[in-house]
Each structure stands twice: as structure tokens, then as C-alpha cells.
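Visitor: Predicted model, plus sequence, below.
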Amino acid sequence: MKNGDQWVFYLKLTKELPREYFAIDQELKKSGKMLIPVGLKTLLDHVKKNSSCHVMILVRSIKEYQFFANKIKKSMKYLMMSRRVHLYIASSFSTINDPAIMRRDYYYFAKLPIEIKKFTTAVAHEIDRKETSMLKWPGGIRPRMSIAS
């Protein structure tokens, strides 16, 4: 992996990868990001060791929605509140779009159907914006001109 590359974890809601995964992976690679499929347990282990990560979830069916609502939602909410996970969700279920977390800067929601290129471009832009804002000095800059007394 090059220094400029960034990891984006794709949280699997079923045992097999969906067919959209490969198209999303190819689009993210164009912007220098690598999509890595993980399960919930692997993601939680990674979050314990590292300070922050980016996670993408694609909820397409009722079965995936039920798994998300029962197993994942509570832990993701906690991880976002503790500022360890930046979450990007694409779904046609409006109940996933939780306004309590939406106000925070750790959550991005896209309503399905959406073009893969449009979604991945938005996610890549959000990741770049968040990574550059984390490296900025919050105190501003020194004034160039001093006032003489």
C-alpha cells in the first residue's frame, strides 16, 4: 500500500460479498482508497487497536436491514459517539438514517438507488475532507502585520 492510499472497510451483512462490492472497489481505487471487506468482529478488533477508521455499509434487503438493526446499529452508534468510526451508509430504508447521529461529522447517508460512481465520489470526497481537517491546526495563523504603538 502506498502512503497516499487509505483504507475503507466494507462491513459485510451477509456471508458472501454482494456483486456491487467489486464495482465500488474499482471506483474507490481510482481515488486512491482501498475497500476491504470485514465482518463485525474483525472491525471491532481493528477499532480497539487503531484510533479511527472509515466504514462503508450497503443495506439492500430486508434480511440485511434486520441484521443491521439487531446487531450493528448499537455498536456503530457507540463507536461514532466515541469518535472512532466514520460511517458511510447507502440504503433504501429511511429508518437507518438516524438524525441523532446525522448531526455529527462521523456519518454520511445516501438513499438507494444511487449510481455507484456518484456514491463513491461522495464518499471519497468526505474521506479526503475529514482527513485534511484532522491535520489542520485549529488555532489559526499568526498575523503578518503587527500594530505599532
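Guide: Okay, I see it. Residues are numbered from 1 along each chain as shown.
Visitor: Flag every buried residue along the host helix or strand of residue 46.
Guide: Element membership of residue 46 [criterion: DSSP states H and E] is helix 40-49. Going by neighbour count (16 or more other CB atoms under 10 Å), the buried part of helix 40-49 is 43, 46-47. Every C-beta, even on glycine, is put in place using the N, C-alpha and C of the backbone.
Visitor: on contacts alone, who are the packing partners of it?
Guide: In terms of contacts (3 or more CB pairs under 8 Å, 6 or more residues apart in numbering; DSSP states H and E), helix 40-49 is packed against strand 6-11, strand 53-59, helix 73-81.
Visitor: Now with 7 Å, please.
Guide: With contacts defined as 3 or more CB pairs under 7 Å, 6 or more residues apart in numbering; DSSP states H and E, the packing partners of helix 40-49 are strand 6-11, strand 53-59.
Visitor: Next, report how far that helix is displaced from the centre of its chain.
Guide: 15 Å (CA atoms, centre = their mean, to the nearest Å).
Visitor: With residue 116 as the reference, measure out to the closest residue to residue 68 other than its chain neighbours.
Guide: Distances taken as CB to CB, 6 or more residues apart in numbering place residue 59 nearest to residue 68, at 5.5 Å, with adjacent residues excluded. According to CB to CB, to the nearest Å, residue 59 stands 15 Å off from residue 116.
Visitor: Fine by me, we can end here.
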